[in-house]
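Asker: Here you go, sequence then predicted model.
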Amino acid sequence: EISIPIRMLGESARDQFGCRSNLTISYSAHITGTANVTLTRVILKVNNESWADSGVISLRDYNNSLTRQVPCGQTFNAIAIANTSDGRTHQSTASLTTSVP
């Protein structure tokens, strides 16, 4: 069993330069129950662009979090992709539209 939760948080603010949002994405991959299977790579893509890549790993639990400054009022579609040592690929998705204050 593998779980790949994604949490997205957008905080927007307006100032004299316009509107900016800080988009924070926290994601993880966990393997439970299956003996001798490990995560071999975990990738985060946002709007089809690679935002993070674990590189080659051999773990049963992986966690990462990142924050980027992004435009207000845009939708961000995140996909976390986890490869496992048994040759399978697992993924989960989340979406967030940043607010316009």
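Answerer: Looks like it came in fine.
Asker: Kindly list the longest strand within the protein.
Answerer: If each strand of the chain is counted by residues according to DSSP state E, the longest one is strand 18-31.
Asker: Name every strand pairing with it and say which way it goes.
Answerer: Using DSSP bridges, the neighbouring strands of strand 18-31 in the sheet come out as strand 2-3 (antiparallel), strand 6-15 (antiparallel), strand 61-70 (antiparallel).
Asker: gap between the two ends of stretch 55-75?
Answerer: One end of stretch 55-75 sits 27 Å from the other (Cα to Cα, to the nearest Å).
Asker: residue contacts, residue 19?
Answerer: If a contact means Cβ atoms under 8 Å, 6 or more residues apart in numbering, then residue 19 has 12, 13, 71, 72, 73, 100, 101 as its contacts. Every C-beta, even on glycine, is put in place using the N, C-alpha and C of the backbone.
Asker: Among those residues, which ones are in strands?
Answerer: Secondary-structure check on the contacts of residue 19 using DSSP E: residues within strands are 12, 13.
Asker: Tell me which of the contacts of residue 19 has the lowest pLDDT.
Answerer: Across the contacts of residue 19, the smallest pLDDT goes to residue 101, namely 89.
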